[in-house]
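1. Sequence and predicted structure below; questions after.
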Amino acid sequence: MSTDTLKLYHASGSPNSRRVRRYLAERNLSVSMVSVDLSAKEQFSPAYIEINPRSMVPTLVLANGTSIGEVPAIWRYLEESFAELPLLGSTPEEKSLITMWERRVELDGFAAVMEGVRNTVTGLKGRALAGPHAYEQIPALAERSAARVLNFFDDLEAQLANSQFVAGDKFSVADITTLVTLDFAAGGMNLPVPKTHLAVKKWYATVSARPSAKA
């Protein structure tokens, strides 16, 4: 499925951009892709600030010029615009459970990794929080962040011990955010999933084998 009326501004190394790219790949949606060079601080350029005043990626720009930032909002627009192969759920129950689990993963896992990375990486000095405002790093937060991530692994193991996918028996956006979180933790904080977490390992092998994992 293709639409030339949409543009996705994204960055190759951005975990949030990857969440949207994988969503598009899973649903076989094709949009115009515009790369934003974060290393060159292109997100702070006047041209990009006009698109997204928060200086963050990704941003979906509609044909009428409307800009949609924030991953869940982009997903929602795409889900409601294209009905085939929904990843946010089909029934009220599915939609609620997927929203619940995706939110838990984002808060307990993804945000914890982001906190750990942004407060320790040298290149992010003065940029401890993404967005238009400058905040200094608090390196001491890294220890708490690591503990949060390890607790997230434990909670995820408990869920996947009794569930094929994160939010039930169907692949959903909850699985997308979880996969990105685990890869982010391993690469950004050197915190891979413990070998003892067999259910998570099995799930990870399954979802990593999907073609969209490379998006």
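-> Done, it's in.

2. Now do the helices in the chain.
-> 15-26, 46-51, 71-81, 92-104, 111-118, 141-160, 173-188, 198-208 (DSSP state H).

3. can you point me to the longest strand in this protein?
-> strand 2-10 (DSSP state E).

4. pLDDT on it, on average?
-> For strand 2-10, mean pLDDT is 86.

5. That one vs helix 71-81, what angle?
-> 180 degrees (axes from the mean of the first three to the mean of the last three CA atoms, to 10 degrees).

6. Return the set of buried residues in strand 2-10.
-> Buried residues in strand 2-10, counting neighbours by 16 or more other CB atoms under 10 Å, are found at 6-10. C-beta: built from backbone N, CA, C; applies to glycine.

7. Listing partners with orientation, what would you give for it?
-> Paired strands of strand 2-10, with direction, are strand 30-35 (parallel), strand 59-61 (antiparallel) (DSSP bridges).

8. how close does residue 51 get to residue 215?
-> 22 Å (CB to CB, to the nearest Å).

9. Between the two, point out the one with more neighbours.
-> Neighbours per residue, other CB atoms under 10 Å: of residue 51 and residue 215, the larger number sits with residue 51, 19 against 16.

10. Okay, that one and residue 161: tell me how far apart.
-> Distance, residue 51 to residue 161, using CB to CB: 43 Å.

11. In this protein, where is pLDDT below threshold?
-> Within the chain, the ranges that satisfy pLDDT under 70 run 1-2.

12. Let me see the domain layout of it.
-> With domains defined by automatic domain parsing, the chain comprises 2-81, 92-214.

13. The nearest residue to residue 168 once chain neighbours are set aside: neighbour count?
-> Nearest residue to residue 168 in three dimensions, chain neighbours excluded: residue 97, at 5.9 Å (CB to CB, 6 or more residues apart in numbering). By other CB under 10 Å, the residues close to residue 97 number 18.

14. what's near enough to touch residue 97?
-> Residues near residue 97 by CB atoms under 8 Å, 6 or more residues apart in numbering: 89, 167-168.

15. Repeat that for residue 114.
-> Contacts of residue 114 (CB under 8 Å, 6+ apart): 15, 130, 184.

16. Throw these into TSV and include neighbour count and distance to residue 71, thanks.
-> Converted to TSV, the contacts of residue 114 look like this (neighbours: other CB atoms under 10 Å; distance: CB to CB, whole Å):
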residue	neighbour count	distance to residue 71
15	19	10
130	17	12
184	22	13
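
17. Among the residues you listed, which one sits closest to residue 209?
-> Within the contacts of residue 114, the smallest distance to residue 209 is 19.1 Å, found for residue 184 (CB to CB).

18. isn't the closest one right next to residue 16, touching?
-> No: the criterion here is CB atoms under 8 Å, and residue 184 misses it with residue 16 at 9.9 Å.
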